[in-house]
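Asks: starting from these lines, generate the structure:
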Amino acid sequence: MYRAALKPLMFALCAAAPALASAQLSANVALTTNYKFRGQDQDVHRIKAVNPAIQGGFDYSFGDSGFYIGNWNSSVDWLSGNSVEVDMYGGYKFKAAEVDWDVGALTYVYPGNTNGNTTELYGAGTVGPVTVKYSHTVSKDYFGWAGAKTSDHKGRHTGYLNVAFAHEVAPQTTFKASIGYTRFASDIGDLGVPDYLDYSVGGAYDFGSGLALNAAIVGANKKGYFGDANKARLIVALAKTF
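Replies: Coordinates of the predicted model:
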């Protein structure tokens, strides 16, 4: 009887063995002169050109299956009582119609103040040097602007569209540029918060062995409403992948 019960388990383990054998775990850490999210400073209590942040996380891919999970973290200072952003995500990558696709879910967690917690679904397609990605908020909460904990307004259905370009222009040197558009949910729009554009133009130099230097001008429009948080800044980051 015990042998019969073990057969399905042994079959499942054998079937999963190839994927587990090729699974990969990587980690990353970075020091940046500033942290902007969608063009906006993430330390609004000390808005200035140089406002260092330490960042890092890990990614785990389930072999050739296309599935992955990951975590990324950064120091922040825009939400009362909270000093860290913790991102948890998982998704599936595949190729179809000559396009590299990536679909998944991502939750932004702010342990010191859960009013900022936000969950999005995302989908991205890459063709050559161009990637188009759309993120759609599915949580009621949206980065403290709206949600069950803060007001009767809901952030659900806020959308973010980003188009990015990356191309190697010299050995180990990659030019990067992107533009994004945030469309707030109607409840947030009713509060007078305007939709806005963000942008990034810069590049990266790969030193090898997982070490890279990134530099870009990053900012957003609607500076009158969001103040200096949307101001364009030169951001330089040194990153290491293990």
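Asks: what comes up buried for stretch 109-126?
Replies: Neighbour-count burial for stretch 109-126, with 16 or more other Cβ atoms under 10 Å as criterion, is recorded at 109-110, 115-120, 122, 124-126. No exception for glycine: its C-beta is placed from N, CA and C like everyone else's.
Asks: ok, and what's touching that stretch?
Replies: Residues outside stretch 109-126 that contact it (Cβ atoms under 8 Å, 6 or more residues apart in numbering): 76, 79-88, 91, 99-108, 131-139, 141-144, 147, 149-150, 155, 160.
Asks: cool, and stretch 79-92?
Replies: In contact with stretch 79-92 (Cβ under 8 Å, 6+ apart) are residues 42, 57, 66-77, 102-113, 115-116, 122, 144.
Asks: what about it, distance to the chain center?
Replies: Here stretch 79-92 is found 10 Å from its chain centre; the criterion is Cα atoms, centre = their mean, to the nearest Å.
Asks: CA atoms of that stretch as CSV?
Replies: The C-alpha trace of stretch 79-92 is given here as CSV (Å, rounded to 0.1, in the frame of the first residue of the first chain):
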residue,chain,number,x,y,z
LEU,A,79,5.7,57.6,3.6
SER,A,80,5.4,58.5,7.3
GLY,A,81,6.9,55.8,9.6
ASN,A,82,8.4,53.8,6.7
SER,A,83,12.0,53.7,5.4
VAL,A,84,12.1,50.7,3.1
GLU,A,85,10.3,49.5,0.0
VAL,A,86,10.0,45.7,-0.4
ASP,A,87,8.9,44.4,-3.8
MET,A,88,7.7,40.8,-4.3
TYR,A,89,7.0,39.5,-7.8
GLY,A,90,6.5,36.4,-9.9
GLY,A,91,5.8,35.7,-13.5
TYR,A,92,6.2,33.7,-16.7
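Asks: quick revisit: separate out the buried members of the contacts of stretch 79-92.
Replies: 42, 57, 66-68, 70-77, 102, 104, 106, 108-110, 115-116, 122, 144.
Asks: what about Val127, how many residues close to it?
Replies: Neighbour count for Val127, taken as other Cβ atoms under 10 Å: 11.
Asks: so it is in contact with Ala97, correct?
Replies: No. Applying Cβ atoms under 8 Å as the test, Val127 and Ala97 come out as separate, 9.5 Å apart.
Asks: and the contacts of stretch 79-92, which of them are in strands?
Replies: 57, 67-75, 102-109, 122 (DSSP state E).
Asks: any idea where the helices of the chain begin and end?
Replies: Using DSSP state H, the helices of the chain run over residues 2-21, 186-189, 223-226.
Asks: partner residues bridging His167?
Replies: Taking DSSP bridges as the rule, His167 bridges to Phe175.
Asks: show me the contacts for it.
Replies: Contact analysis of His167 by Cβ under 8 Å, 6+ apart lists 129, 174-175.
Asks: most surrounded residue in the residues you listed?
Replies: Neighbour max across the contacts of His167 (other Cβ under 10 Å) = Thr174, 17 neighbours.
Asks: quick check: that residue touching Asp206?
Replies: Yes. Counting by Cβ under 8 Å, Thr174 does reach Asp206; the two are 7.5 Å apart.
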